[in-house]
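> let me see the structure of the following:
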Amino acid sequence: MENPPQSPNGSEKSPQSKELLTSKTASTLCISSRSESVWTSTSRSKWDIYHKPVIVVSVGAAVFLFGTVITSLSCIQLKNSNVYKMCGPAFLSMGLMLLVCGLVWIPIIRKKQKQRQKSQFLQSLRSFFFNR
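Numbers count the residues shown, from 1 in each chain. Okay, the predicted model is just below:
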């Protein structure tokens, strides 16, 4: 059995293990600092909060309308009807999926905002202990 290399001060931990300990601590600090601003209470505008779901709803509505047009073209036009019959329902389903996801996302954000306003102090304690 080999003994681990000793550091110059005589402790049993090698310099590599000390590097691992400091890198673990640094990554823990990075993870906790990446969480949403717990220590600063900057107010965000409505657009900053809701811009992602609004974009998803807008794109979903546009794709859904495009799918509706393509599907109706399959009924009207006789030329390339098979292409329209295949693409139309695909665009309809993708648009509907994006539309529903965006519409469900908005109440989730509202609920999170209410929870954050209710117990901001408890939220910061919870994130401090659970984000490690």
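
> okay, now the unreliable bits of this protein?
By pLDDT under 70, the low-scoring segments of the chain are 1-42, 119, 121, 123, 132.

> quick one, longest helix in this protein?
helix 81-118 (DSSP state H).

> who are the packing partners of it?
helix 46-76 (3 or more CB pairs under 8 Å, 6 or more residues apart in numbering; DSSP states H and E). C-beta coordinates here come from the backbone N, C-alpha and C atoms, glycine included.

> list the buried residues in the helix it packs on.
Residues of helix 46-76 classed as buried by neighbour count (16 or more other CB atoms under 10 Å): 50, 53, 56-57, 60, 63-64, 66-67, 70-71, 73-74.

> and which of these is nearest Ser81?
Using CB to CB, Ser74 comes nearest to Ser81 of the buried residues of helix 46-76, at 5.4 Å.

> leaving out sequence neighbours, find the closest residue to that closest one.
If the residues on either side of it in the chain are set aside, Ser74 comes closest to Tyr84, at 3.5 Å by CB to CB, 6 or more residues apart in numbering.

> relative to Gln77, how far out is the closest residue to Leu65 other than its chain neighbours?
Computed as CB to CB, 6+ apart, the closest residue to Leu65 that is not its neighbour in sequence is Gly95, at 7.2 Å. Plainly put, Gly95 is 21 Å away from Gln77 if you go by CB to CB, to the nearest Å.

> comparing these two, which residue is more hemmed in?
Gly95 (20 against 10; other CB atoms under 10 Å).
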